Structure formats: C-alpha cells, structure tokens
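Enquirer: Turn this into a structure:
(chains A and B)
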Amino acid sequence: MPDAVAGRYLAIRREPVDRVSAVVEFRAASYRIGPREILKGLTLSIEAGETLVLLGRSGSGKTTALKMVNGLLYPSAGEVLVDGAPTTAWDPVRLRRHIGYVIQEIGLFPHYTVAQNVAVVPRLESWDAERIRARVDALLRQVGLDPEQFAARYPAQLSGGQRQRVGVARALAADPSVLLFDEPFGAVDPVTRLDLQKQFLALRQDLGKTSIFVTHDVREALMLATRIALLCDGALELLATPRQFLDARGDEAQAFLECLAWKADRQ
Amino acid sequence: MSSSLASEILQLTLEHLTLVLISMSIAIAAAVPAGILIARRAASRPWLLGFANVMQTIPSLALFGFLIPVPLIGGIGKRTAIVALVLYALLPIMRNTLVGILGVDAAVRESAVAMGMTARQLLWRVEMPLAARTILAGIRVATVTTIGTATIAAAIGGGGLGVFIFRGIASVDTAQILAGAVPAALIALAADGALGWVERRWTN
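Expert: Numbering: from 1, shown residues only, chains lettered A, B, ... in the order given. Just a heads-up that it's a prediction; the model follows:
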C-alpha cells in the first residue's frame, strides 16, 4: 500500500479515546440457521470509547454479529456479554434501551415527525415532556439540524442525509453506553456520506461513545475505526488498527485493499 | 308520494341503518383482533382466513337461509340477520388488517424492536398507525357491501329496506322495489363517501 494512499485515509481519522474496559465481549459466539453456520465462534472484545468496525463482504456475518449485541439475535453457541452480563441474562427490552441502534434511513418511523422520532426512547422511558423537548432540541443541534426548521417535519420531507442525521439523533436520545451502526451510510450519495462520516468523528470526539460499526466499505472502515475486525465467511480473519490493516498480507484483507489501490492508480 | 309511504320509508331506512351499524360494530370488533392475531401467528392464518373466506363464498341468500335452523343464533328475525351480516363482513376487514400489518417496512419494525419497544408498543405505536389506512379501506368495502346485503335480511324477517324490495317483487310493483333500492343505494353512497373522507384524513 503506497504511503500517500495510507496518509489520505488516515489523515481524517482521530486517535482513539482512552480505553478502559470491555463493554461488549463476544466469547466463541456462533450463529447457525439450520445447517448453515453464519458466524463461527467469534471471540472479540470491544473496549470503552473505541469504534470497532466490522468489515466484510455481504454474507460474511457482520450484521449477524451486530444484532447479537442488542438481542435481536442470540448466539446458538458461545455468548455475548454486554457490561459484563450475557445478553441471555438481560431483559431484552432493557438491553435494547441501553444500546443505541442506527440503520439505514428507512428505519425512521414514517408516521412520526422528526421530533417524535428522536423522542421515541425517552417517551418509552416516560421522561416528562419538558425534558424530552429540551433533549430533542439539543440532539438535533448536535447532529447539525436546526430544530426550528426540522422538528415538525416528517421523514418523507427530508433528504437522505438529513434522515440519517435524525437516525443518529434518535439512537443517542437516551444517552446509551453503546451505539450500533448497521451500514448506516450505505444509501446516501458519496458526498453526503463523507459529511456524515466527518460528523460521526466529531460526535465521537464530543461524546466518547463506544461504537460498533458494520460496513463493507473499506474506506469507511479506515476512516472511522479505532480497530477493524475483518470477517470472512463467518470467521474473524483479522483484527487490526487501520494502520496495521493497510499492511495486512491476508487474501481477504488484500482483496479489500485492492478496492483502494485501484482508485488510487486512476488518480 | 303518500305520507304513509314516506313514513314507512323513513322507518325502514332507520331499521336498515340499525342492522348495518350493529353488524359492522360486531364485525370490526371481531375481525380487527382476528387480523392482528393472524399477522402475529402465521399458523392460525389458514384457519381464520379460510373460515372467513368460506363465509364469503356462500351466496348471501343461502347464508341467511342456512342460519334459520341453527340454535341460539338462528331463527327468524333481526338476530339471525345480524349474524349473517357479520359473517359476511369478516373477510375484507380481517384480510386488510393482515395486509396492513404485514405491509409495515421490515426496517421500521426492526428499528422499533431495537429501540426497546415491547410487542404491545410495537403494535399500537407503529404497526396499527401504519396499517390504519388499509384497515379502514377494508372496513369501507365491508360497510358498503353490508348495506346492500342487508336488504336480504327481510327474507328471514329481519326488516329493513329489503321489505319494500321483496314486497315489490311479489306484487310486480316497480315503485315498491325502488322505494327500497333507492334509499339503500343512497345510504351506500353516503357511507362510501364518508369513510373515504376519514381514510384520506387519516393519511394527511
């Protein structure tokens, strides 16, 4: 990997926030549907404040791994620990309200306004109206949307990038300790995506949240990750910092790095 | 038009409306929960949908006739007529409730679950509001059909505007048939218009 390319992708990345202890831990976690093993004994721990990117092709098991963290799926063997307790021991509703979840823009509730979308979890948690309103205003500002202008709009009245910002605000609403991102920026144009990625980094700087981020975009992984976990056919192929990843020798890592090199050669 | 005919039209129209309102209230109260049930439990789907389907395929005059000998719900009169109308109205409401709930985007449902909604919160805060328009469309179809079908109630002593129609057929009196058919058609049009308005309001 030429240094110029490495430099370009790393320049925008900020250094990891201080690491304390494992917030999420996969212990030989497997997931099987019938004879098909989608995730094969994943062992991995995610430390406080870090952004772990699960990188892989379609069908590599990265989304399956992510959904095991908030109990949308449970391991068929092994376990996943959140704050030290296995997900099977958590009340699923409590576990999920404790973890923010961002998916593509289509996950917003179409019958709720922007403000109501952001207020979903605080309302489920029965916050009082004044506290919710103040929180919604603060969050919309934090993700770069003017509450005056956007609070009363419906998702259908927003651009893809704006919807995605609302999705992030919604996930942050109840101040969860962990945030999960399932290819959140996949459906927006590249320019908007870069905006959202920059904002992700700024938010991380401000909030220091632990995040697990699923993507198939190697550039996104290099830009956002403090560590990259490369998954291939349900197995962990490589666990590396972005800088180490650029020097990785494995076939799958090379396949992903080729996506960068091709682009670099053209320029 | 003699004043006695006018007052009879008024009386039978009210009777007709009562039949329709009672039947539709019972049908909605039964079919919407049934639709929610079959949306949640796919295993119950063929049974409940099959039952409602069979009810709908029985010719309406025959369905009224079949109920006469049935104990408790059968016999001659309004009660039997209401049972038949309810059975007839189940299918469109149940099916539209199912379609409306299943039509909610999987990503929306998943994000509701991932936000930590319970099954009940998912249903009432997300699925039902998003399915409301489809369910209402089913209720609208069932209501308009029921207004027409309710004219057959007169054949088993259930009263309503069908009294004019059957009397007119028996005495080959077109005026009598029209005295029943025209108000029934007007009620159907009014109901269709009103429910259509509610449906549009709901989405805006």
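Enquirer: CA only for contacts and neighbour counts going forward, please
Expert: Will do.
Enquirer: Helices along chain A, start to end?
Expert: Here chain A has its helices, by DSSP state H, at A:3-11, A:62-69, A:92-97, A:114-118, A:120-124, A:129-142, A:147-150, A:160-172, A:190-207, A:218-224, A:242-246, A:251-266.
Enquirer: Ok, which of those comes nearest B:Gly100?
Expert: Closest to B:Gly100 of these is helix A:114-118 (CA to CA; 21.1 Å).
Enquirer: is any part of the closest one close to chain B?
Expert: No - judged by CA under 8 Å from any CA of the partner chain, helix A:114-118 and chain B are separated, with a smallest distance of 10.4 Å.
Enquirer: With just CA atoms, put that helix into PDB.
Expert: This file holds the C-alpha atoms of helix A:114-118, laid out as PDB (Å, rounded to 0.1, in the frame of the first residue of the first chain):
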ATOM      1  CA  VAL A 114     -38.500  14.300  13.300                       C
ATOM      2  CA  ALA A 115     -39.000  15.400  16.900                       C
ATOM      3  CA  GLN A 116     -41.300  12.400  17.700                       C
ATOM      4  CA  ASN A 117     -38.700  10.000  16.000                       C
ATOM      5  CA  VAL A 118     -35.900  11.400  18.200                       C
END
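Enquirer: about what we covered before: please produce TSV containing the helices of chain A, extended by mean pLDDT.
Expert: As requested, the helices of chain A are exported to TSV (pLDDT from 0 to 100):
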stretch	mean pLDDT
helix A:3-11	49
helix A:62-69	95
helix A:92-97	94
helix A:114-118	96
helix A:120-124	94
helix A:129-142	95
helix A:147-150	94
helix A:160-172	93
helix A:190-207	90
helix A:218-224	94
helix A:242-246	93
helix A:251-266	78
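Enquirer: wait, which of those is closest to B:Leu5?
Expert: In terms of CA to CA, the element of those nearest to B:Leu5 is helix A:114-118, at 56.6 Å.
Enquirer: distance between the ends of stretch A:59-79?
Expert: Stretch A:59-79 stretches 21 Å from its first residue to its last (CA to CA, to the nearest Å).
Enquirer: which other residues reach that stretch?
Expert: The contact list for stretch A:59-79 (CA atoms under 8 Å, 6 or more residues apart in numbering or on different chains) reads A:24, A:26-32, A:38-39, A:41, A:54-56, A:80-82, A:86-88, A:92, A:95-96, A:99, A:180, A:182, A:212, A:214, A:231-235, B:113-114.
Enquirer: again, 6 Å this time
Expert: Contact with stretch A:59-79 is made by A:27-31, A:38-39, A:54, A:96, A:231-234, as judged by CA atoms under 6 Å, 6 or more residues apart in numbering or on different chains.
Enquirer: Could you list which of these also contact chain B?
Expert: A:Arg96 (CA under 6 Å from any CA of the partner chain).
Enquirer: Redo the contacts of stretch A:59-79 as TSV? Include neighbour count and distance to B:Ala119.
Expert: Formatted as TSV, the contacts of stretch A:59-79 follow (neighbours: other CA atoms under 10 Å in any protein chain shown; distance: CA to CA, whole Å):
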residue	neighbour count	distance to B:Ala119
A:Arg27	18	29
A:Ala28	16	30
A:Ala29	21	27
A:Ser30	26	26
A:Tyr31	23	24
A:Ile38	20	27
A:Leu39	28	27
A:Leu54	28	30
A:Arg96	22	13
A:Leu231	24	33
A:Cys232	21	34
A:Asp233	17	33
A:Gly234	22	30
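Enquirer: Fine, thanks again, bye for now.
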